[in-house]
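Asks: Got a sequence here, can you build the structure:
(chains A and B)
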Amino acid sequence: MTNIVLQPGEWSLDEMIEETKDGYYLHTNRSWSIDDLRYNFQFGCEVGYRIRNGEITGLVKNPTYTGITNEFWNSTTAVGKKSLMEIVGTPNCGKGEPGQTMYTGHGGPPARFENVRVGVLDS
Amino acid sequence: MRHELIQNKIEFTETELQKAELDGYEIMLYQRSHALSRYANSTIHQQVQTDTTWVRLRGFKGKKLQVIQTTATEENIKKAVEELKIAVRNAPELGYFHGFIDKQNYQSVKVEAKLMDPEERAELIGRIIDRSNEIDPKSKVFGKVETLDFKYGIVNSNGVRGYHNFGYNDIKILSIVETNGNRGYGREVIASMDPKSIDAEKLTSSAVKIAQDASVAKSAEIGEYTVILRPQALTEMVGFTIYGLSANIYHQANSPFTDKLGEQVLSEKLTISDKPLSDNNFFASPFDGEGVAKRNIPLIENGIPKVIMYDTLTASQYLEDKSLVSGHSILPYSDYTWSSISPMNLDVKSGDSSEQEMIEDTKRGILVQTFWYTNPVNPKEGILTGLTRDGLYFIEDGEIKYAIKNMRYTDSILNFFSEIDLISKTKRPIIDSDGGFTNSPVIKLAKMKFTGQSKH
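Replies: Down below sits the predicted model:
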């Protein structure tokens, strides 16, 4: 998938955080893995912040999150507004046998999801 | 002569480079004949072949180094040399660069692959389809029969000069069986130098049986299990383990082995060697991608990491001595290699057990056919994540009880390779399209952490 962009919503990032009682704000995927039917995924992030009672309370180390694709997207409760959009993405993505690669340009605003499993090894 | 075309083109390139007023140059010129017969839904749907000749040129002036690559026509070579001159002039200085490798002495190594032609590939696929239909008319088979004939030569301005070739046949069989709306997947792969040695019927029977079982798979709880890894699954884990011995990963402290060279960090039963000088290893070669003489070496010996893999640039950068290079610059046999430094001819030391003995010796565990989409989560701690695929079974009281749905594992190399119970006597050669080949046995690990379940 070379160009996938999440359509923006109406939320500011501050609003999302303020209306979160118990959660995490995770930033920039650095590790990714998904099953052959594209359901079970797991990502590791560069940085994460703990949110309690509407406020960021500190950093978390080596955060990961995991889920099932359709359950994850069905748990979306907020999507950031257009001004928060960023086009980022991995440098390339590959498929096929023999392998072929393409440059990618994915993007979107921040978004919030409910009941996502964060961290896998200590639970 | 086998390498006549390459020698002639190198001679032409060298004449052009000698006019370029560089302080030094290196020519890697290679011919890839790559053929593929692909089948799906039990029908051959593609027969393709590409034949390409490429040249990769490196040149430097002082501390300024550049590289350029093109298809090796005379016109392109002339143009590439001109562009290389300009690129070198405008390159930033690499303070640690100390030039290309000096003249080397190479050991001879023999690789005699009998490559299948299109009719032989079609005939083999026909046998796979026939056996699948015979066992279970519901089974549809998918996969490929692929061949590579790779010839190459390396020359540099310090007197390095070498020519070699290798090739292989690589077979993949994937069966899909549907039972009451549930799809089961079963996979077998094998690489071979001699098509006569491929037991297509046996491999197909195994793939179909796995798919039949997987179509009625049950769920298993997440948690830590004893695991038996078949060769396909072990190959993936070995590749990610050895990656931690690559110079950049090691020296940038992104490896679980950083500062632990020579320490007992894995099970004493684990020995992983690079064997480029063993006759008829799939990627056997007297020299690496920059003409450095190769040698057979244990990378991990009895659980102790022994060797960091360097090319001349990383040896110059981290050790300040290009002669300490280990001979692991990758040969350009594929466009899809994901590291410039790779061992290419891995061998996991055998034990004296068998898969059946391992199963009988297991109170409660999981048998894994293949891993999929493995990636590091925390490279420094050696933590990987990935999924099982195309064959997963639950073992209880010394027997395979039933197939289970795919699971995600998240665990550290330092944990799951710390306790190895058994290793099989027999091994299977597995080609990895992005890194080389591994001769892998079946292995039984005391523990591995499974952290998630898939829907299938």
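Asks: Could you use CA atoms for every contact and neighbour count after this?
Replies: Noted.
Asks: show me where chain A has helices.
Replies: Along chain A, counting by DSSP state H, helices occupy A:13-18, A:69-74.
Asks: what's the most buried one of these?
Replies: helix A:13-18 (a mean of 16; mean count of other CA atoms under 10 Å in any protein chain shown).
Asks: Determine the set of other helices and strands touching that helix.
Replies: Helices and strands touching helix A:13-18, as assessed by 3 or more CA pairs under 8 Å, 6 or more residues apart in numbering or on different chains; DSSP states H and E, comprise strand A:55-60.
Asks: so what strands line up beside the strand it packs on?
Replies: Using DSSP bridges, strand A:55-60 pairs in its sheet with strand A:40-52 (antiparallel).
Asks: Buried residues, the strand it pairs with. List them.
Replies: A:40-45, A:47-49, A:51-52 (16 or more other CA atoms under 10 Å in any protein chain shown).
Asks: what's near enough to touch B:Ile420?
Replies: B:267, B:269-270, B:443-446 (CA atoms under 8 Å, 6 or more residues apart in numbering or on different chains).
Asks: farthest pair in these?
Replies: Spatially, the most separated pair among the contacts of B:Ile420 is B:Leu270 and B:Ala446, at 13.3 Å (CA to CA).
Asks: From B:Leu387, how far off is B:Ile359?
Replies: B:Ile359 is 21 Å from B:Leu387, where distance means CA to CA, to the nearest Å.
Asks: quick one, which of those two is more surrounded?
Replies: B:Leu387 (25 against 22; other CA atoms under 10 Å in any protein chain shown).
Asks: and chain A, which residues reach chain B?
Replies: Within chain A, the positions near chain B by CA under 8 Å from any CA of the partner chain are A:31-36, A:39-40, A:42-44, A:62, A:68, A:98-100, A:120-121.
Asks: Can you tell me which of the contacts of B:Ile420 is nearest chain A?
Replies: B:Ala446 (17.7 Å; CA to the nearest CA).
Asks: bridging residues for the spatially closest residue to B:Asp213 that is not a sequence neighbour?
Replies: Once flanking residues are discounted, B:Asp213 sits nearest to B:Ala403: 5.6 Å by CA to CA, 6 or more residues apart in numbering or on different chains. For B:Ala403, the beta-bridge partners are B:Tyr393 (DSSP bridges).
Asks: Likewise for A:His27?
Replies: A:Val47.
Asks: for B:Gln69, same thing?
Replies: In this structure, B:Gln69 bridges to B:Arg56 when assessed by DSSP bridges.
Asks: Might you report the residue contacts of A:Val118?
Replies: A:Val118 neighbours (CA under 8 Å, 6+ apart): A:63-66.
Asks: pLDDT below threshold where in chain B?
Replies: B:1, B:433-435 (pLDDT under 70).
Asks: In it, where's the longest helix?
Replies: Longest helix in chain B, counting by DSSP H: helix B:118-135.
Asks: May I see the buried residues of it?
Replies: So, applying 16+ other CA under 10 Å, buried residues of helix B:118-135: B:118, B:121-122, B:124-126, B:128-133.
Asks: Would you reformat these as TSV and include distance to chain A?
Replies: What follows is the buried residues of helix B:118-135, written out as TSV (distance: CA to the nearest CA, whole Å):
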residue	distance to chain A
B:Pro118	17
B:Arg121	16
B:Ala122	18
B:Leu124	19
B:Ile125	17
B:Gly126	20
B:Ile128	19
B:Ile129	20
B:Asp130	24
B:Arg131	24
B:Ser132	22
B:Asn133	25
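Asks: in the stretch 251-400 of chain B, which spans are helices?
Replies: B:312-319, B:355-360 (DSSP state H, counting those that start in this stretch).
Asks: Can you tell me which of those is most buried?
Replies: helix B:312-319 (a mean of 20).
Asks: Outside of that helix itself, list whatever touches it.
Replies: B:96-98, B:100-101, B:247-248, B:251, B:321-325.
Asks: Find out how far that helix is from the centre of the chain, if you would.
Replies: Taking CA atoms, centre = their mean, to the nearest Å, one finds the center of helix B:312-319 at 24 Å from the center of the full chain.
Asks: Please enumerate the strands of the stretch 151-300 of chain B.
Replies: Ranges of strands in the stretch 151-300 of chain B, per DSSP state E, counting those that start in this stretch, are B:161-179, B:182-192, B:223-229, B:272-274, B:297-301.
Asks: Just the pLDDT at A:Gly89, thanks.
Replies: For A:Gly89, the pLDDT comes out at 71.
Asks: so who does the nearest residue to it once chain neighbours are set aside touch?
Replies: Spatially, and ignoring its direct neighbours in sequence, A:Gly89 is nearest to A:His106 (4.5 Å; CA to CA, 6+ apart). When contacts are counted by CA under 8 Å, 6+ apart, A:His106 touches A:2-5, A:87-90.
Asks: List, one by one, the residues from chain B near chain A.
Replies: Near chain A, when you scan chain B using CA under 8 Å from any CA, you find B:335-336, B:372-378, B:385-387, B:389, B:408, B:410-411, B:433, B:451-455.
Asks: leaving aside the residues next to it on the chain, what's closest to A:Gly23?
Replies: A:Ile51 (5.0 Å).
Asks: By mean pLDDT, flag the weakest helix or strand of chain A.
Replies: Ranking every helix and strand in chain A by mean pLDDT, DSSP states H and E puts strand A:92-95 at the bottom, with a mean of 80.
Asks: can you list contacts of that strand?
Replies: A:1-2, A:100-104.
Asks: hmm, back to that, closest to chain A out of the contacts of helix B:312-319?
Replies: The shortest approach to chain A among the contacts of helix B:312-319 belongs to B:Asn248, at 17.8 Å (CA to the nearest CA).
Asks: Alright, I will stop here.
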